[in-house]
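Q: Fold the following for me, if possible:
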Amino acid sequence: MKGLDSNVIRFHLQVSHGINVKSVERKNDRLFLGGAKVFGVPLENLSRCLIPEFGLVPCFLVDACTFLLERAGTVGIFRKPGSLPRIKTLRAKLNRGEACLSTAIPYDVATLIKQFSRELPEPLFPSAIQEAMLKAQMLPSLQDRTSALQMLSCLLPARNSSCLHYLFEFLARVSRRCEENLMTSSNLATVFAPCLLPPPNMDEMSEGRFELRILILRTFIEKPQSFGAIPKVVMDSMEFLMSFKTTSSKKSTGKSHSLKAKTVPWFQGRSKVRTPITQQKQESILQERPILRRSLGLGTFPNVVLYRACMPCAEHNSSLAVSITGALNLGTDSTLQKMKNLVRGQDVVSSTSSPALHLAPWRRRSSP
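A: Residues are numbered from 1 along each chain as shown. Now for the predicted structure:
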């Protein structure tokens, strides 16, 4: 599977079902034989044959399943163990490349299939996929469980997917004759759970976890056509991404008459700095500006000392007049003349019939 397809499937699993899946490391499939040995050999080193519907499948698995399909009505097939001496002899002949299955006993061949899948160096379901499938099986809805398991089966490497797909299709045909062989899909899943989904440690040997593994295999045995099939929702997302990718690539390669921004060095793209204003221009600008007039209060009381002078009492008129007169020396002439006249007229005001003005020393007002 392409990297884009697997990423889209992982995205759907995370968004729709909250399942995060680690990427499964792939090994390049070797199309050449690595020897005649069958048991305990990696899939890429086995002799495989091409089946258009499934892909490259180990030749031993094809021969053994074809042999058992003709005898699928055998009672207790895959449940009853075969003879250990006969099985040992068959293993030795198969590892030497001899064709010996045509005269074998069905129970012995069924036991060889279980041993073949159990003795692989790497399980057909990698540990990362197993963990994700257990989480998928615990989803509350049946539809969600089926959809999640179907998407997870699409993340398997090609060599594992071809082998498992062929095996599930074979087990589905065996289960259809359960009235004869008494092997239902649940019985077959129970037999193959330790072979296809082996627990990685002792903690996974609990009854509840083992039941989850049985349900996973039962789903694929009952619906083998869904194994490795990408759901329609994911396919629509892939088609949209591919069309978007091709459209964007065409736009980038084709000629366009749209306006393009001209790239310039960063120091040329900066805003121009205005030249400094000369002194003559600055003086002309200042002359054109209107002169701000001082407020009436500042014109009348140019010194802060006057703000601290309040109405003095009658006995302090002469001393206060001298202090105010000294403070007014800092003001303008017109202001000084007005204030001096005001101070000199205090005696006149006090001698008139109107009540005298009482000036008190300055103090800060406090809020009541």
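
Q: Would you mind splitting this structure into its domains for me?
A: Domain assignment of the chain by automatic domain parsing yields the ranges 25-125+157-227, 298-351.

Q: Out of these, which one sits most buried?
A: Comparing those by mean neighbour count (mean count of other C-beta atoms under 10 Å), domain 25-125+157-227 comes out on top with a mean of 17. Backbone N, C-alpha and C define where each C-beta goes, glycine included.

Q: on that earlier part again, redo the domains of the chain as TSV? Include mean pLDDT.
A: Putting the domains of the chain into TSV (pLDDT from 0 to 100) gives the following:
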stretch	mean pLDDT
domain 25-125+157-227	90
domain 298-351	48
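
Q: Quick check: which of those is nearest to residue 9?
A: With respect to residue 9, and counting by C-beta to C-beta, the nearest of these is domain 25-125+157-227 at 12.9 Å.

Q: export the domains of the chain to TSV and tack on distance to residue 136?
A: As requested, the domains of the chain are exported to TSV (distance: least, C-beta to C-beta, whole Å):
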stretch	distance to residue 136
domain 25-125+157-227	8
domain 298-351	85
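
Q: Tell me the spacing between residue 15 and residue 194.
A: 33 Å (C-beta to C-beta, to the nearest Å).

Q: For residue 165, see how far away residue 55 is.
A: 8 Å.

Q: now residue 83
A: 31 Å.

Q: Then residue 229?
A: Residue 229 is 9 Å from residue 165, by C-beta to C-beta.

Q: cool, and residue 80?
A: Counting by C-beta to C-beta, the gap from residue 80 to residue 165 is 26 Å.

Q: before we move on, what about residue 108?
A: From residue 108 to residue 165 the distance is 25 Å (C-beta to C-beta).

Q: How about residue 141?
A: Taken as C-beta to C-beta, the span from residue 141 to residue 165 is 25 Å.

Q: swap in residue 62?
A: For residue 62, the distance to residue 165 - C-beta to C-beta - is 13 Å.

Q: One more: residue 90?
A: 25 Å.

Q: Also residue 159?
A: Distance from residue 159 to residue 165, by C-beta to C-beta: 11 Å.

Q: now do residue 175
A: For residue 175 relative to residue 165 (C-beta to C-beta), the value is 16 Å.

Q: go on, residue 191?
A: 19 Å.

Q: Repeat that for residue 53.
A: 8 Å.

Q: Same check on residue 73?
A: 24 Å.

Q: Over to residue 216?
A: 15 Å.

Q: what does residue 120 give?
A: 16 Å.

Q: now do residue 194
A: Taken as C-beta to C-beta, the span from residue 194 to residue 165 is 20 Å.

Q: Strands of this protein, start to end?
A: Taking DSSP state E, the strands of the chain run over residues 48-51, 55-58.
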